[in-house]
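Q: 3D model of this:
(2 chains)
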There are 2 protein chains.
Amino acid sequence: MQKFDVSILGFGTVGAGVYKILTGNHDDIAHREDLDLRIRKILVRDFEHEPNLGLADMSYFTTDFSEIVSDPDTRIIVECIGGVEPARTYILKALDAGKTVVTSNKEVISKHWPEFEAAAKNTGAGLYMEATVGGGIPILKTIIDSMQANNIERIMGIINGTTNYILTNMAESGVSFSEALSQAQKLGYAEANPTADIEGFDATYKLSILSSMSFHAHMPVDVIYREGITRLSSEDFDFAKKLGYEIKLLAIGKKNGNNIEVRVHPTMLPKTHPLAAVRGVFNAIFVTGHAVGDIMLYGQGAGQMPTASAVVSDVIYACHSDGHHKYMTFRNEEKMTDEVNLVENFRCRYCIRVNVVDEPGTMAAISEVFAKHNVSLKDVLQLGAPDNGVSSRITFMTHEANEFDIRSALSDIGKLTCVHAIESMIRAEA
Amino acid sequence: MQKFDVSILGFGTVGAGVYKILTGNHDDIAHREDLDLRIRKILVRDFEHEPNLGLADMSYFTTDFSEIVSDPDTRIIVECIGGVEPARTYILKALDAGKTVVTSNKEVISKHWPEFEAAAKNTGAGLYMEATVGGGIPILKTIIDSMQANNIERIMGIINGTTNYILTNMAESGVSFSEALSQAQKLGYAEANPTADIEGFDATYKLSILSSMSFHAHMPVDVIYREGITRLSSEDFDFAKKLGYEIKLLAIGKKNGNNIEVRVHPTMLPKTHPLAAVRGVFNAIFVTGHAVGDIMLYGQGAGQMPTASAVVSDVIYACHSDGHHKYMTFRNEEKMTDEVNLVENFRCRYCIRVNVVDEPGTMAAISEVFAKHNVSLKDVLQLGAPDNGVSSRITFMTHEANEFDIRSALSDIGKLTCVHAIESMIRAEA
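A: Numbers count the residues shown, from 1 in each chain, chains lettered A, B, ... in the order given. Take a look at the predicted model:
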């Protein structure tokens, strides 16, 4: 039986989960996988502020990374520190030393993947990151090891549990965004500073990784269009429900030839779509391949044991791949090149709610602006009672239109004297 | 770039799909996977009855298997013949000759896996079977390569598209079983002889493979409890709808310590369960691991390109694993042994509809029989109007009970003078 020594960087929620599985399931893994996985060292910042120190024998712990990276027995380093530094430096040093790295750190991977990949190739070390996207859901391995025969045309994912919890709560209980957020914070689903989740940054990190793998083209975080969920109101959910839609924060990637679009924004989905049924903190990723058609993977996108399950799965996979690790091939380099054409003027449907002066000619004036900007209307609905006899609300659902045309149309519509305000614009996907 | 010659056995729907992907996506696969995959030979039965001969150059085709197995260039043999013979003989000869086998044939794998596994280990050849379960859905790879850190506790799958199409149609259009079956036959979703699908045999083949992998214990087809969908009536769907359930043909496996249960039968699922939303010919498999929790994979369980996608995925995986193929480890041998305890007296909830004499004392008499057999009732509902003033229908939903207790209780209830007939018994899962 092959023996592999594993060291863990960071002993927070995920690191401690990895420790629990590697020790608690040691014999099962040995029996089924013919691998003797041993914990070697655990890096912590200090010995005062670590909540999980009691789990393991004190002899495992060190505060000195060089002790781990120079340890000849450590063949695999699990990085669960999170954030960019010192994680980036440690990962690079580990790969340079020829040690295989397994990480759950989506931010550092999304921002520094190409340099990690180069370092890994240079020494023949492995680099594994299943836990960075979708927690326990094996979406990256599915793309790499099960969809190789496919040209992936589209990915649509609910990949942030915090925002999905908030949106589910707003849809089902009718609460406002701020109420839903504070409930999520009370339950520990949202952090005290919730910006990374609610503004969609976390989803862009994950979409960068997911779309880069799916399209074999490195898609840096900063090319992803991003819009968070903070502007959504209870009224948006009322109108969506009346129209037969759910509102989800989707991470979307589409590829057509060399044209690739990547975006994170609130999205209306028909209630019959499999993603529409994903409630609470659950995640799901819907992928379309030219051969396999639509597939969807669903599960827990966060949490100690689901995330640790993905990390340990990568550790075992890395052991079996020792000496013949596979590396990603990207069609482009760090910067977008000619071979990949980033589509910023993407196309989708749009649901637009306008608060208007309740008088003859209003509908004609707005429709004319849409027409001028090549926006064709699918449904026009005057739902909801007039507020006070002088204003009224009109909801427009467009056919597929160009993003830039919509932006110009909305700018012009906002200037019409018959329009009080553009209350809401939410993109819609099939 | 490594070159691999692939020969295909059988050129029906799946074989032709594999040919289409290997030729049509050759350059993409070469670029992304660094593999030059070539078709070498295609085995057909004869040259008269093959519908897809026109797809490929005639020089590929042969009717002589020995030409393929003795060909030194052929390193991978894709078996898409289906059925037991001659597939079994060809697979064994291929493995004995050291050639890696990729198959989509669930029947032959479910019936002869241990001898194939032994032959493969003996020569170091690979044996891959992703396409046997769930068509294009990568469920086996998920279990093998992404859930290794988990003790899998439960699997529940909709793994037969024909029956799911029929049940969806019965639920949504209120048609009878025979109407739904003949519609499925007209659309090509059911075969002229539909027995393998509607009696659940196809699902038992797949569950044998799925549960053997999940539980690391070989579960032969003949130990699986099997009940088809032919006895389901429109009334069953009416009652299920009133109670908030969908009826699905589920393949279920549960493991608790050394106790394993495996069964295929119509199952009531609450409408809120992710599997309840799987409509038409789609498949989905819901798996619970001790660490990862619940995950679900959804997609097309059949069809040319989804199935071929899974086959080619295995081919690519096999190329990368050349020289270091992994083999399954089973806790038991071909026969069930002490280490695996097959649970035939499994536990679940039961929904039972009884047609009774509409007179005082009936409810008491039936309830007493249930109590005598340790069956505790959760809900008792007298739904639906009496048919003719002398008979009435009572639906019982039990708490979890033992299968054998239910069978004895139903036998005794059937003998009561106040009971006209036990109209229906459908098991229910969470």
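Q: got the residues of the stretch 51-200 of chain A near chain B?
A: If contacts are counted using Cβ under 8 Å from any Cβ of the partner chain, the residues of the stretch 51-200 of chain A sitting beside chain B are A:130, A:136-138, A:141-142, A:145-151. In this view, the C-beta of every residue, glycine as well, is placed from N, C-alpha and C.
Q: Of the residues you listed, which belong to helices?
A: Secondary structure from DSSP state H places residue A:141 of these in helices.
Q: out of the residues of the stretch 51-200 of chain A next to chain B, who's nearest residue A:227?
A: When those are compared for distance to residue A:227 (Cβ to Cβ), residue A:137 comes out closest, at 23.9 Å.
Q: residues of stretch A:258-272 that come out buried?
A: Of the residues in stretch A:258-272, those buried under the neighbour-count criterion (16 or more other Cβ atoms under 10 Å in any protein chain shown) are A:258, A:260, A:261, A:262, A:263, A:264, A:265, A:266, A:267, A:268, A:269.
Q: so the closest residue to residue A:269 other than its chain neighbours, which of the three states?
A: Leaving aside its sequence neighbours, residue A:269 sits nearest to residue A:276 (Cβ to Cβ, 6 or more residues apart in numbering or on different chains; 4.7 Å). At residue A:276, secondary structure determined by DSSP: H, G, I helix; E, B strand; the rest coil is helix.
Q: and residue A:276, how many neighbours does it have?
A: Using other Cβ atoms under 10 Å in any protein chain shown, residue A:276 is surrounded by 19 other residues.
Q: What segments of the stretch 101-250 of chain A are strands?
A: In order along the chain, the stretch 101-250 of chain A carries the following strands (DSSP state E, counting those that start in this stretch): A:127-128, A:152-158, A:225-226, A:245-256.
Q: my guess is residue A:105 meets residue A:85, correct?
A: No. In this structure, residue A:105 sits apart from residue A:85 without contact. The criterion is Cβ atoms under 8 Å, and the distance is 11.1 Å.
Q: out of these two, which sits in the more crowded spot?
A: Neighbour comparison, residue A:105 and residue A:85: the larger count goes to residue A:105, with 26 against 9 (by other Cβ under 10 Å).
Q: Now do the contacts for that one.
A: Under the criterion of Cβ atoms under 8 Å, 6 or more residues apart in numbering or on different chains, the contact partners of residue A:105 comprise A:79, A:80, A:81, A:82, A:83, A:87, A:132.
Q: can you rerun that using 10 Å?
A: A:9-10, A:14, A:79-84, A:87-88, A:91, A:111-112, A:129, A:131-132, A:205 (Cβ atoms under 10 Å, 6 or more residues apart in numbering or on different chains).
Q: Drop the exposed ones from those and show what's left.
A: Among the contacts of residue A:105, those buried by neighbour count (16+ other Cβ under 10 Å) are A:9-10, A:14, A:79-82, A:87-88, A:91, A:111-112, A:129, A:131-132, A:205.
Q: Restricted to helices, list these.
A: Counting by DSSP H, the members of those that fall within helices are A:14, A:87, A:88, A:91, A:111, A:112, A:205.
Q: And what about residue A:411, helix, strand or coil?
A: For residue A:411, the secondary structure call by three-state DSSP comes out as helix.
Q: how close does it sit to chain B?
A: Distance, residue A:411 to chain B, by Cβ to the nearest Cβ, to the nearest Å: 40 Å.
Q: okay, that residue: pLDDT?
A: On the pLDDT scale, residue A:411 is placed at 98.
Q: With residue A:386 instead?
A: With respect to pLDDT, residue A:386 has a value of 60.
Q: ok, back up a step: any chance of the buried residues of stretch A:258-272 in CSV with pLDDT as columns?
A: Listed next are the buried residues of stretch A:258-272 as CSV, based on pLDDT from 0 to 100:
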residue, pLDDT
A:258, 92
A:260, 96
A:261, 97
A:262, 98
A:263, 98
A:264, 98
A:265, 98
A:266, 98
A:267, 98
A:268, 98
A:269, 97
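Q: Restricted to helices, list those.
A: Those of the buried residues of stretch A:258-272 lying in helices (DSSP H): none at all.
Q: can you list the domain ranges for chain A.
A: As assigned by automatic domain parsing, chain A contains the domains A:2-135+A:306-320, A:139-300, A:347-428.
Q: So which of the ones in helices among the buried ones among the contacts of residue A:105 is the closest to chain B?
A: The closest of those to chain B turns out to be residue A:14 (Cβ to the nearest Cβ; 11.9 Å).
Q: ok, the residue nearest to the closest one when sequence neighbours are not counted to residue A:305 distance?
A: Distances taken as Cβ to Cβ, 6+ apart place residue A:80 nearest to residue A:14, at 4.2 Å, with adjacent residues excluded. Between residue A:80 and residue A:305 the distance is 13 Å, computed by Cβ to Cβ, to the nearest Å.
Q: anything in contact with each of those two?
A: With contacts defined as Cβ under 10 Å, 6+ apart, the residues shared by residue A:80 and residue A:305 are A:13, A:14, A:17, A:18.
Q: Now for the first one, how many residues are close by?
A: By that I understand residue A:13. Using other Cβ under 10 Å, residue A:13 has 18 other residues around it.
Q: tell me the contacts of the spatially closest residue to it that is not a sequence neighbour?
A: With sequence-adjacent residues excluded and distances taken as Cβ to Cβ, 6+ apart, residue A:13 is closest to residue A:304, at 4.8 Å. For residue A:304, the contacting residues are A:12, A:13, A:14, A:15, A:16, A:17, A:18, A:20, A:21, A:135, B:291, taking Cβ under 10 Å, 6+ apart as the criterion.
Q: low-scoring stretches of chain A, by residue?
A: Within chain A, the stretches with pLDDT under 70 are A:333-338, A:383-389.
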